[in-house]
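Chemist: here is a sequence with its predicted model. Questions after.
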Amino acid sequence: MFHPKTIAISFVALALAGCATNAEFDETGGIKSVRSSCPAVAIPVHTADVTLFDPAGSRDARAIDVVATITNLRNTCVQQGDRIVTTATFDIQARRTNTSGAREVVLPYFATVTRGGTQIVSKQLSRVALRFADGQSSATATGGGNADIAASAATLPPEIEEQVTRRRKPGDPDAATDPLADPAVRSALRQASFELLVGFQLTQDQLAYNATR
């Protein structure tokens, strides 16, 4: 199961990545910050892998049946009128222990849009089918999800935008001052920050297994 607590942990790891503030040098040698309104895309902690056991109640390594991993996460982001649309795609690589016979394994995964690291805006549940050929131990598949948000919601107020993105040169009084030190700036950035999180839809037991293995 996917919980807001997991989102909060992920948001800390992203460290306001949804705001995508990057330092760059301009033509005069000053430093400027570039902010993107596109949602950050990530996999919440402990949700990139799922392990199936046979028998299902066992947690013995000898009972491992199938292990699947989300990998090669990639995304595109475009603004369409007053909407910002981010699409994430990823690969799923799986291995099975018993290679006898053809087999299909269906796994659920989520694509959740959050705001400010804790507020769930939307959640999509999907399933992916992994098809193992007879005698083959591995299978691959692809999955994906998207975030569709209002551009206005991801836009900072003009006065906050100016603080975050204006150029700073060595010697300026506030050149070494991090704009995020201002609580008002942090709050505005968090409110305008969206994330698209994807991962396996795990049971409590599966999540606990991933957290302790």
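Modeler: Everything's here; your move.
Chemist: what about residue 147, distance to residue 120?
Modeler: With distances taken as Cβ to Cβ, to the nearest Å, residue 147 is found 12 Å from residue 120. Placement of C-beta: from N, CA and C, glycine included.
Chemist: more crowded one of the two?
Modeler: Applying other Cβ atoms under 10 Å to residue 147 and residue 120 shows that residue 147 carries more neighbours, namely 27 against 14.
Chemist: wait, that one touches residue 194, no?
Modeler: Yes: with contact defined as Cβ atoms under 8 Å, residue 147 reaches residue 194; the gap is 6.4 Å.
Chemist: what touches both of those two?
Modeler: Taking Cβ atoms under 8 Å, 6 or more residues apart in numbering as the contact rule, the neighbours common to residue 147 and residue 194 are 39, 113, 121.
Chemist: could you dump those residues into JSON lines and include neighbour count and pLDDT?
Modeler: Formatted as JSON lines, the shared contacts of residue 147 and residue 194 follow (neighbours: other Cβ atoms under 10 Å; pLDDT from 0 to 100):
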{"residue": "39", "neighbour count": "29", "pLDDT": "94"}
{"residue": "113", "neighbour count": "21", "pLDDT": "97"}
{"residue": "121", "neighbour count": "17", "pLDDT": "94"}
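Chemist: what about the residues you listed, which are in strands?
Modeler: Mapping the shared contacts of residue 147 and residue 194 onto strands (DSSP state E) picks out 113, 121.
Chemist: low pLDDT regions in the chain?
Modeler: 1-35, 160-182, 184 (pLDDT under 70).
Chemist: which phi and psi does the spatially most central residue of it have?
Modeler: Among the residues of the chain, the smallest C-alpha distance to the mean C-alpha position (Cα atoms, centre = their mean) belongs to residue 42, namely 1.7 Å. Residue 42 adopts backbone torsions of phi -160, psi 170, taken as degrees, to the nearest 10.
Chemist: you'd agree it is up against residue 195?
Modeler: Yes: with contact defined as Cβ under 8 Å, residue 42 and residue 195 form a contacting pair (6.5 Å).
Chemist: could you tell me which residues touch both of residue 147 and residue 120?
Modeler: With contacts taken as Cβ under 8 Å, 6+ apart, the residues that reach both residue 147 and residue 120 are residue 113.
Chemist: can I assume residue 156 sits in a helix?
Modeler: No: counting by DSSP: H, G, I helix; E, B strand; the rest coil, residue 156 falls outside a helix, being coil.
Chemist: what count of nearby residues applies to it?
Modeler: Taking other Cβ under 10 Å as the neighbour definition, residue 156 ends up with a count of 20.
Chemist: when you give positions from now on, start the count at 52
Modeler: OK, 52 is where the count begins now, so the last one is residue 207.
Chemist: so it touches residue 239, yeah?
Modeler: Yes: taking Cβ under 8 Å as the contact criterion, residue 207 and residue 239 are neighbours in contact, 5.6 Å apart.
Chemist: partner residues bridging residue 145?
Modeler: The residues paired with residue 145 through beta bridges, assigned by DSSP bridges, are residue 119, residue 190.
Chemist: how about the contacts made by it?
Modeler: Applying Cβ under 8 Å, 6+ apart, one finds that residue 145 lies in contact with 117-120, 156, 181, 183, 189-192.
Chemist: right, I'll leave it there.
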